[in-house]
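[1] one predicted model, sequence on top.
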Amino acid sequence: ACFAVFSGLRLAARKWILVPLYLAGIAALAYWARDAEIDYKFDVVWREMDTLMRVIVVAWGIVALDLAAGKGWLAPPKRVRMLRVAVAALAIPLALNAAERAWLTKLEARLEGKPDFMIFVIDALRADHVGAYGYGRETTPTLDALAREGVRFATVVAPTSWTLPSHLTLLTGLPPERHGVVADGQRLSDDALFLGEVLWQAGYTTAGFVSAPYLDAAYGFSQGFDLYDDFTLAQRSFAGSHHGATGPLIAERFDDWLAEWDAAGRTRPFFAFLHLWDVHHDYTPPPPYDRMFDPDYRGAVSGVDVDQDPRVHAGMERRDREHLIALYDGEIRFTDATLGGVLDELRRRGLLEQTIVAVTADHGEEFFEHGRFGHKQTLYDESLLVPLVIRYPARVPAGVVVAEPVRLMDVGPTLLGLAGVVAPDFAARNEQPRLAARDLRAWIGPRSERALPALSAHADLVGDAPRPLVALRTAERKVIWPADGVGQGEVYDLRRDPGERAPLDPQAVADLAVLRQEMAAARRAWGATGLAADAVLSPAHQERLRLLGYGQKAGASEEIDG
């Protein structure tokens with residue numbers, strides 16, 4: 001870059017032989033800057049430099065520009081200008097390289113002993129279909145083993161019942177009411193602080209591997225990642241009855257990246273984010289998983305022909321519903337096998353014991369418990385309760401079960417705490433301390449903290465009428481209310497009615513007013529942050545959403561199927 005600038009300035013002296021070098025330098029600079037987040041990385045490097053090194057870099061910059069122009073305070077005789085340019089073009093990169101090496105030396109010393117990170121998100125995986133959470137079918141042997149070797153959180157509440165805002169909450173520690181991305185035409189702005197950015201600033205190398213349309217970089221997810229691999233989206237077919245298994249491709253791309261990181265000498269610990277989408281509808285597990293849990297079914301229902309129309313569900317036979325759930329379970333078992341393959345690769349490279357492994361989901365899935373199928377429609381527990389298992393033998397005792405309810409937005413602060421990465425801005429940016437994201441290490445220890453109230457929002461059905469909902473869940477109560485506060489909501493006693501089948505008479509709930517006040521106060525305090533922006537979606541991306549049954553409703557920018 002320096003040589004390109006100096007060569008360009010020399011064009012005034014008609015040194016035309018430098019034109020190809022100038023153009024090549026500019027092209028290389030443009031290619032590098034395209035995905036390098038140079039302003040962000042320069043800011044980090046500058047903060048890590050010693051004061052003396054900063055003075056040297058600034059001084060070299062002033063001298064170089066003056067020498068290259070051939071004028072000013074330091075201009076030597078005309079006959080040696082080309083020598084000056086060559087010296088400056090060589091010296092500046094060397095000085096910057098020395099500064100970078102000094103920074104990396106400090107960084108490596110600070111990172112010595114820091115663990116690697118992995119977060120797996122299994123899209124649409126409800127907690128009660130996981131073996132470790134009491135499910136009768138053997139859907140998750142790998143995840144169950146992780147739970148035995150680490151900590152399992154028994155009740156984990158997602159912030160919403162659809163993909164886009166829930167993932168943003170997971171990776172920022174901000175609930176949807178705070179980050180503001182609640183519709184599929186929105187993205188999170190560059191001013192947001194992501195978990196990957198926190199770890200990058202701490203010196204980690206970062207990589208993300210995703211395959212779902214709502215994890216596209218266009219929504220802001222790539223912030224803080226050295227590599228954000230959403231390229232599989234362009235390689236998949238979303239048309240027809242089978243969308244293709246994505247988990248093995250994600251695992252393969254991660255394994256390739258891990259091999260490169262390993263070959264480079266493991267100089268920096270890594271943070272990897274893997275999003276596994278196969279559990280999401282359509283339910284089309286490959287053999288033998290397609291018949292694993294219902295081999296005797298002879299009906300006509302498949303995992304691709306169930307839509308959102310409740311009239312279809314009303315006429316569905318019980319046997320057909322059972323088969324649909326068996327296909328869903330087959331997808332879970334298939335995805336669990338993919339998870340096992342990735343963990344085996346970590347184990348083969350001797351990395352598993354030093355890696356913090358967290359497995360969770362963004363939301364659950366409804367199977368007609370309240371007359372609906374899918375998600376993003378209601379805020380009942382079948383849509384909101386997700387698994388969370390964290391394994392890290394160095395800091396997490398094996399076999400611990402945390403019974404107190406926690407929230408999906410608490411995952412980031414907890415992982416940072418386990419690694420000893422200090423990031424106060426990540427976990428303490430809410431004005432409601434009682435509802436802010438928390439480090440859950442205190443819940444893992446022998447003296448567990450009290451349950452955390454969880455706010456969930458932005459499902460869009462009250463009865464059959466599209467209308468936003470908001471819910472507040474405590475250990476004992478669940479309140480689901482229209483977001484505008486108009487009309488009647490639902491209240492449940494979760495101790496006596498965990499399935500939310502028998503709503504209480506709101507007039508008879510003594511603490512309802514207190515719960516609704518807390519709900520309203522949290523929403524007011526969180527409010528809009530200005531972090532939401534309009535997403536620029538390519539025609540190809542919009543077509544993927546359409547083929548998957550997603551889209552925009554008339555007069556609004558909302559996800560239909562989530």
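    Nice, I can see it. Numbers count the residues shown, from 1 in each chain.
[2] where's residue 363, which helix or strand?
    For residue 363, there is no enclosing helix or strand under DSSP states H and E.
[3] equivalent analysis for residue 256, please.
    Assigned by DSSP H and E, residue 256 falls within helix 247-263.
[4] partner strands of the helix or strand following that helix, with direction?
    Going down the chain from helix 247-263, the next helix or strand is strand 270-276, by DSSP H and E. Strand pairing for strand 270-276, using DSSP bridges, gives strand 116-122 (parallel), strand 205-209 (parallel).
[5] keeping just the C-alphas, turn the shortest one into CSV.
    Coordinates of each C-alpha in strand 205-209 appear next as CSV, following Å, rounded to 0.1, in the frame of the first residue of the first chain:
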residue,chain,number,x,y,z
THR,A,205,-9.0,-15.7,15.5
THR,A,206,-12.7,-16.0,14.7
ALA,A,207,-14.7,-18.0,12.1
GLY,A,208,-18.4,-18.6,11.5
PHE,A,209,-20.0,-21.3,9.4
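[6] my read: residue 488 touches residue 505, true?
    No. In this structure residue 488 lies outside contact range of residue 505 using C-beta atoms under 8 Å: 10.5 Å. From N, CA and C alone the C-beta is placed, and that goes for glycine too.
[7] and the pLDDT at the residue nearest to residue 297 when sequence neighbours are not counted?
    Nearest residue to residue 297 in three dimensions, chain neighbours excluded: residue 323, at 4.5 Å (C-beta to C-beta, 6 or more residues apart in numbering). Here, the pLDDT recorded for residue 323 equals 92.
[8] tell me where the model's unsure across the stretch 201-350 of the chain.
    Flagging of the stretch 201-350 of the chain using pLDDT under 70 yields the residue ranges 232-245, 305-315.
[9] before we move on, the earlier item: double-check the residue nearest to residue 297 against residue 301; I have them as touching.
    Yes. Counting by C-beta under 8 Å, residue 323 touches residue 301, with 5.7 Å between them.
[10] what is in contact with these two at once?
    Common contacts of residue 323 and residue 301, defined by C-beta atoms under 8 Å, 6 or more residues apart in numbering, are absent altogether.
[11] so between those two, which is more surrounded?
    Taking other C-beta atoms under 10 Å, residue 323 and residue 301 do not tie; residue 323 has more neighbours (22 against 17).
[12] in contact with the more buried one, which residues?
    Contacts of residue 323 (C-beta under 8 Å, 6+ apart): 294, 297, 299, 301.
[13] would you list the residues you listed in TSV and tack on secondary structure and distance to residue 168?
    Compiled in TSV, the contacts of residue 323 are given as follows (DSSP: H, G, I helix; E, B strand; the rest coil; distance: C-beta to C-beta, whole Å):
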residue	secondary structure	distance to residue 168
294	coil	36
297	coil	38
299	coil	39
301	coil	34
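[14] that's a helix at the residue nearest to residue 297, yeah?
    Yes. Judged by DSSP: H, G, I helix; E, B strand; the rest coil, residue 323 forms part of a helix.
[15] picking that back up, among the strands paired with strand 270-276, which is nearest residue 182?
    When the strands paired with strand 270-276 are compared by C-beta to C-beta, strand 116-122 sits nearest residue 182, at 19.1 Å.
[16] now the element after the closest one, going C-ward?
    helix 141-149.
[17] who's in contact with that next one?
    130-132, 336-337, 339-340, 343, 357, 359, 387, 389, 391, 393, 398-399.
[18] relative to strand 116-122, how tilted is that helix?
    Helix 141-149 runs at 130 degrees relative to strand 116-122, counting by axes from the mean of the first three to the mean of the last three C-alpha atoms, to 10 degrees.
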